[in-house]
Structure formats: structure tokens, C-alpha cells
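*Asks:* Give the three-dimensional model of this entry:
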Amino acid sequence: MNRRPFIRLLLLVAALAFAPLAVLAQTQAGAIKAVLLRGTVAKIPLGGTTPVPLTEGAALIETDTVITDKDSGAVLVFANGSSVKLGASSRLAIEEFKMDPLGDDIAVAALQREPNVSKTRLNLAYGEVVGNVKKLNKDRGSSFDIKTPVGAAGIRGTTFRIVMRFEANGQITFTLSTAEGTVRFSGTVQVSSGTTTQTGTTQETDVSDGQQVNAVATINPTTNQVSGVQVSATQPITAEEVQAITIAVTQGIQQAQQTTTFTTTEQQQAAQQTNTTQQSGTTGTSDSTKTEQKTEGQTTPQTLILDVVTRSGSG
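*Replies:* You can find the predicted model right below:
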């Protein structure tokens, strides 16, 4: 009996079975560039504590944390075509940015949607971000999330602004504004007492085009516990918000996208650098994932959770 056809059939079946795993294995860390730097902008690498000044066009990788001083700012452009403009006195950790390898070099300005599958997770410890996210391949698993000490935003092909500040009077102020799409905002307050945690009520609000929602929470300066969270009803974006988003997009994001390109070589270099950094990084909690308050002498409370999920058109 000739078993060769049978063996070939088994090999073919095995190859087809493991094909999806091979595709998933291609996903790697993506390339990021810091452009249109203004004032003092620096990064803190994985495991580091000392800020490293950034120069125009500097390459960033996941695990880097970007910080801006007063009267400073930068636009971070990602190889999936999305961009975020980081405002003054802000701290943003790039916790994760992975994507499938680029098939060709890309010009960001020419993209209407991301070129392939990607996963982005950022953490805004404090400050301001205005973002423009290209249409994501959501049906293939793409995601773009921004966390803050008071919540998370799941973005889907949207232009948005998030401002999160720690005020000197012991309050957190949070504003979410959307210029495109619809955002579902939900907030839950967890109050801890010793080893017991009590979960409060959850409030959900849809924030549609041209709308914003505000939240205020009180922080106990001694215990850092949050109480009395108040979420406003959805309201039209203020003239100040409209102006801030317009300026950020036209004078920052669009200009950055017009001048930024990514090559397949740059993505490969970003993936290799990320692997090297993660392998040689120090053990324990990385500085890039720590959150802190800008208000001196306080730490970020972890008891207030406000979830934001964007609900725009299909990606």
C-alpha cells in the first residue's frame, strides 16, 4: 500500500490547522514617532526613572512614557495611521502598540483606515490628549484604548479630546469631548474601607457628536480615597472645547500626518528594539506603567473607575 498520498494529506491538514497561529505570530510591536515638539518633551524608558529629552522625529516604542512640561507639547504618530496630540503638563504611557508587519512603506496622510490589524493601549496619568484614530479593523480584532486614573476610552475611528487634571483643592476634574462618533460613558465609584470594598452605583451616558460630559470627584488628601463623584448630564461642547479640538487637529495632527511616513524597515527596528528592551528591562513594576498625580505630594487614587466606550460607525 502506498502511504505517500495519505501522509501528504495529513501534512496539508496540519498546515491549514496551524495557519491562523502563523498569522497571529506575525503581530509585533509597531513604530511610533514624536513630531512637532514644542518646549520640553522627554521620555522615560522601561524601568527608568530619569527623563530622556526627545528630539524632532524621535522613534518611540511601547513601554515608553512621554512627559511634557508647561507650555510644551508633541504629536505622537503611530504606524497604524492614528495620532494623538499631547498637551502641556501631561504624562502618557505607551503600554502597548502592536500591529501586523507593514507590507509596504506608508504615508500617514494617505490613509483612510489602518493598513492592517493593530492593538493600542495608552495610559494618561494626567494632562490632555486630542486624538484622531483612523477607522480600525474591529472585525479582525483591532482596538485603541486610552486609560486614565478615572476611566478608559475605547476609540473607534474618532476625533476626541480627554482632559484629566488633579486640582490643588483635592479634586479630580475629567472632561471627555467627541467631535465624531458616539461615546458611551459609564462611571462606577468603589469606596475602600480597610480590607472591604463597596461598589457604588453605575451611571451610563451616551456622548454623541458635538457633545461632552464632565466628571468631578473629591479626594481625601490623607487617605487618597475618592468620594462624591458627580457626573454631569451630556451637554453641547463649549466654544472653548471646539476651539481646542480644532487647533489641535488643524495645527497639530493634520500637519504631523502630512509629513510623517513609516517604512517597513522602521517597523522591524521598532519590533527588535522593543524585544530587546523588554528582555533587558528590570523586574517589578515599570516606571512606564506607573500613574501619578501632577499635584505634588499626592498619589493617584485607584478607587474611581469611569469607563468610556466609543460607538461610532463600523470600522
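
*Asks:* use CA for all of it now, contacts and neighbours both
*Replies:* Fine.

*Asks:* Residue ranges in the stretch 151-300 of the chain under the pLDDT threshold?
*Replies:* 151, 156, 182-184, 186-204, 224-229, 281-300 (pLDDT under 70).

*Asks:* show me where it has strands.
*Replies:* 151-155, 159-166, 171-178, 183-193, 196-207, 211-219, 226-231, 235-236, 261-262 (DSSP state E, counting those that start in this stretch).

*Asks:* which secondary structure elements does the last one contact?
*Replies:* Right, the one you point to is strand 261-262. Under the contact criterion of 3 or more Cα pairs under 8 Å, 6 or more residues apart in numbering; DSSP states H and E, strand 261-262 touches strand 106-107.

*Asks:* What's the first helix or strand after the strand it packs on?
*Replies:* Going down the chain from strand 106-107, the next helix or strand is strand 118-132, by DSSP states H and E.

*Asks:* So what's the gap between that next one and the chain middle?
*Replies:* Put simply, strand 118-132 sits 3 Å off its chain's centre (Cα atoms, centre = their mean, to the nearest Å).

*Asks:* now the angle from that strand to strand 151-155?
*Replies:* For strand 118-132 against strand 151-155, the angle by axes from the mean of the first three to the mean of the last three Cα atoms, to 10 degrees is 100 degrees.

*Asks:* Give me the helices and strands touching strand 118-132, please.
*Replies:* strand 83-86, strand 91-99, strand 143-148, strand 159-166.

*Asks:* can you tell me the average pLDDT over that strand?
*Replies:* The average pLDDT within strand 118-132 is 93.

*Asks:* Can you list the strands that it pairs with?
*Replies:* Strand pairing for strand 118-132, determined by DSSP bridges: strand 83-86 (antiparallel), strand 91-99 (antiparallel), strand 143-148 (parallel), strand 159-166 (antiparallel).

*Asks:* among the helices and strands packed on strand 118-132, where is the model least confident on average?
*Replies:* Sorting the helices and strands packed on strand 118-132 by mean pLDDT places strand 143-148 lowest, at a mean of 85.

*Asks:* so how far is that strand from its chain's centroid?
*Replies:* So, by Cα atoms, centre = their mean, the centroid of strand 143-148 is 4 Å from its chain's centroid.
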